[in-house]
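[1] here's my sequence, what's the structure:
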Amino acid sequence: MTLPTVPGREDPIHKSAIKPTSDPAHGAAFIFIHGLGDDAEGLENIADQFQNNGKLSYMNWIIPNAMEDRDAMQTAWYRPTPLTPFASSRPELDEPEDEDGILKSMAYIETLIDACVNKGIPPQRIVLGGFSQGCALSLITDLVSKKYSGRMAGVVGLCGYLPLAEGHRLHDLRAIAGLPPTHGEVPVFLARGQKDMLVPRRVWTMTLKGLERLGVTAVEEHEYEGLGHSISGPMMRDMCKFLEQVVPKLED
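    Numbering: from 1, shown residues only. The predicted structure follows:
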């Protein structure tokens, strides 16, 4: 698989299927997107665990890298804004979300999906997923991408949230992309730790309500007792079950 090379951006990590199918359309791909301040190597061990245990042996793993954000002084898919546990008393003074940065990163993720499709893997055998900002980017891509909205096998969101969830901006972006007002039935897996202070419960609730307003009904929710802003074994086991459901093994 030939993945895009972008000046100033580290190339994605690509872990080929350990048991490739003779027909690429019977394979699968998981584009797994890291969070703020991390890089592809931070998620590579999860792909290794799956492959070493023979899980989803027909799946390609593509783990992209965000670029360095000079303002945030760390890697970022877009400029981060505070996610507070309480609603602002003066929302008009809040720092606006970085819509331009989000959409620019979405365009890059679309090129990774393009690479999978060019290899012969259809969109309905491709899963988007990520941790924190990677979750946000996965949800946005599935919701407003002119090329791929509503066409993916599923979306995985770990310890993340839906950006631009307040107001009608997501409906506006769907309209600009020529998409219908409501989204459809792409399955979504959302997981968080109950002690996650970086993406608090208020933001999780806003995410669920925002998805509901857009007609996203096939949402599988998981919360893990005692877990903070991190990935756990139980979370990975539940994610594995979800992936096996949305991109099951096909006869080759």
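
[2] where in the stretch 151-252 of the chain is pLDDT low?
    252 (pLDDT under 70).

[3] so which residues of it form strands?
    Counting by DSSP state E, counting those that start in this stretch, the stretch 151-252 of the chain has strands at residues 154-158, 188-193, 219-224.

[4] following the longest helix seen in the chain, which helix or strand comes up?
    Counting residues, the longest helix found in the chain (DSSP state H) is helix 99-118. Next helix or strand after helix 99-118 toward the C-terminus (DSSP states H and E): strand 126-131.

[5] for whatever helix or strand comes next after that following strand, give the mean pLDDT please.
    Where DSSP H and E defines the elements, the next helix or strand beyond strand 126-131 is helix 133-144. Across helix 133-144, the average pLDDT comes to 97.

[6] same question for stretch 75-88.
    So the average pLDDT for stretch 75-88 ends up being 85.

[7] re the thing from before, how about the longest helix of the chain: buried residues?
    By neighbour count on 16 or more other CB atoms under 10 Å, the buried set for helix 99-118 is 101-103, 105-106, 108-109, 112-113, 115-117. The way it works is simple: take the backbone N, C-alpha and C, and place the C-beta from them, glycine included.

[8] and stretch 12-22, by the same measure?
    12-15, 17, 21.

[9] please apply the same query to stretch 191-202.
    So stretch 191-202, judged by 16+ other CB under 10 Å, has buried residues 191-193, 196, 198-200.

[10] let me know the closest of the residues you listed to G150.
    Taking CB to CB as the measure, A191 is the one of the buried residues of stretch 191-202 closest to G150, at 22.0 Å.

[11] show me the contacts for the closest one.
    Applying CB atoms under 8 Å, 6 or more residues apart in numbering, we find A191 in contact with 157-159, 221-224, 235, 238-239.

[12] before we move on, what about I31?
    62-64, 109, 112-113, 116, 126-129, 138.

[13] just to revisit the earlier point, output the strands of the stretch 151-252 of the chain in CSV; the columns should cover distance to I231.
    What follows is the strands of the stretch 151-252 of the chain, written out as CSV (distance: least, CB to CB, whole Å):
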stretch, distance to I231
strand 154-158, 6
strand 188-193, 9
strand 219-224, 10
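
[14] nearest to D39 among those strands would be which one?
    Per CB to CB, nearest to D39 of the strands of the stretch 151-252 of the chain: strand 154-158, 16.2 Å.

[15] angle of the closest one against strand 126-131?
    Orientation check (axes from the mean of the first three to the mean of the last three CA atoms, to 10 degrees): strand 154-158 against strand 126-131 gives 10 degrees.

[16] give me the pLDDT for the closest residue to P4 other than its chain neighbours.
    Nearest residue to P4, sequence neighbours excluded (CB to CB, 6 or more residues apart in numbering): T111, at 4.6 Å. pLDDT recorded at T111 is 97.

[17] quick one: T111 and T141, what's the gap?
    Applying CB to CB, to the nearest Å, the value for T111 to T141 is 11 Å.

[18] can you check R237 too?
    25 Å.

[19] next one: C240
    Taking CB to CB, one finds C240 at 22 Å from T141.

[20] also T207?
    Distance check for T207 against T141: by CB to CB, it reads 15 Å.

[21] neighbour count for those two, which is higher?
    Set T207 next to T141 and count neighbours by other CB atoms under 10 Å: T141 wins out with 28 against 23.

[22] next, work out how far apart the more buried one and E251 are.
    Shown here: T141 relative to E251, a distance of 30 Å by CB to CB.

[23] repeat that for M197.
    46 Å.

[24] ok, C240 next?
    As judged by CB to CB, C240 and E251 stand 21 Å apart.

[25] between those two, tell me which one has more neighbours.
    Taking other CB under 10 Å, C240 and E251 do not tie; C240 has more neighbours (15 against 6).
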